[in-house]
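*Asks:* Structure here, sequence nowhere to be found:
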């Protein structure tokens, strides 16, 4: 069975703090893809990143970075110098066949 | 660039009524997905289409739910004899082709069953 666990339900930080969102997944597939999506208050899911199971290189995109560790089945997401506009619900997702989402982490960045 | 479009944005209905939602995917995207999301939860997979063929249905999808994609373009999701537990956001997504492609999501249809 495939499963994605985001243990942090809610996180609250003050602007400019760094914050890491945790994601742990379970799958028996050898080939799979991991995603992060952002869901702002408007409701539309916005794609952030996709990684395949063969590529464990960490990735940085501006203030966003992702740490993929196959040994611990984790795909964590860090926002550096957070901003109020980062406030949203963030979902980690796993795709073997269909896309399976975690329960999401609600991030609140206060000014 | 036209994204995934869903109609209506909001639907309020009485228990026992039938409702139908429409999704227009991005042009030339041949895979179309339906998800359901309740408050505080991640989206749950319901079903998906490759062109007009419905390839997979979740066990969550009871017999009251039916989805179609008759010409391989837009899709409809119908819920018959709605129940209060059907209240949720219904999300549609599309993707060009392969299973590793990211999904593009619409803004969803918020269903409230009174």
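*Replies:* Alright, I've got the coordinates. This is a predicted model, so every value here is computed, not measured. Residues are numbered from 1 along each chain as shown, chains lettered A, B, ... in the order given.
*Asks:* CA only for contacts and neighbour counts going forward, please
*Replies:* Fine.
*Asks:* and chain B, which residues reach chain A?
*Replies:* With C-alpha under 8 Å from any C-alpha of the partner chain as the criterion, chain B meets chain A at residues B:40-45, B:99-100, B:102-108.
*Asks:* How are the strands of the chain distributed by residue range?
*Replies:* The chain I'm using is chain A. Ranges of strands within chain A are A:3-5, A:10-14, A:19-21, A:24-26, A:33-39, A:46-52, A:59-61, A:64-69, A:74-79, A:88-95, A:99-101, A:105-110, based on DSSP state E.
*Asks:* you looked at the wrong chain, it should be chain B
*Replies:* B:5-7, B:10-13, B:19-24, B:31-37, B:44-50, B:53-57, B:65-68, B:75-79, B:88-95, B:104-105, B:109-113.
*Asks:* Any buried residues in the third one, and which?
*Replies:* Residues B:19, B:21, B:22, B:23, B:24 are the ones in strand B:19-24 that count as buried (16 or more other C-alpha atoms under 10 Å in any protein chain shown).
*Asks:* Centroid-nearest residue for chain B?
*Replies:* residue B:34 (3.3 Å; C-alpha atoms, centre = their mean).
*Asks:* Would you confirm that it contacts residue B:103?
*Replies:* No: using C-alpha atoms under 8 Å, residue B:34 makes no contact with residue B:103, being 11.0 Å away.
*Asks:* Name the residues contacting each of those two.
*Replies:* Common neighbours of residue B:34 and residue B:103 (criterion: C-alpha atoms under 8 Å, 6 or more residues apart in numbering or on different chains): residue B:93.
*Asks:* If you rank every helix and strand of chain A by mean pLDDT, what lands last?
*Replies:* When the helices and strands of chain A are scored by mean pLDDT, DSSP states H and E, strand A:59-61 comes last with a mean of 85.
*Asks:* can you list the weak-confidence ranges in chain B?
*Replies:* Flagging of chain B using pLDDT under 70 yields the residue ranges B:1, B:98-100.
*Asks:* Next: chain A.
*Replies:* Looking at chain A by pLDDT under 70, you get an empty list.
*Asks:* Quick one: name the residues of it near chain B.
*Replies:* Checking chain A against chain B by C-alpha under 8 Å from any C-alpha, the hits are A:32-33, A:42-47, A:50, A:91, A:95-104.
*Asks:* okay if I get the strands of chain A as a markdown table plus distance to residue B:13 and mean neighbour count?
*Replies:* Below are these laid out as a markdown table (distance: least, C-alpha to C-alpha, whole Å; neighbours: other C-alpha atoms under 10 Å in any protein chain shown):
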| stretch | distance to residue B:13 | mean neighbour count |
| --- | --- | --- |
| strand A:3-5 | 33 | 18 |
| strand A:10-14 | 32 | 14 |
| strand A:19-21 | 37 | 19 |
| strand A:24-26 | 37 | 19 |
| strand A:33-39 | 26 | 22 |
| strand A:46-52 | 29 | 17 |
| strand A:59-61 | 44 | 12 |
| strand A:64-69 | 41 | 19 |
| strand A:74-79 | 39 | 20 |
| strand A:88-95 | 28 | 25 |
| strand A:99-101 | 28 | 23 |
| strand A:105-110 | 29 | 20 |
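*Asks:* nearest to residue B:6, of these?
*Replies:* Nearest of those to residue B:6, taken as C-alpha to C-alpha: strand A:46-52 at 15.6 Å.
*Asks:* Count the residues that sit near residue B:32.
*Replies:* By other C-alpha atoms under 10 Å in any protein chain shown, the residues close to residue B:32 number 31.
*Asks:* cool, and residue B:85?
*Replies:* 11.
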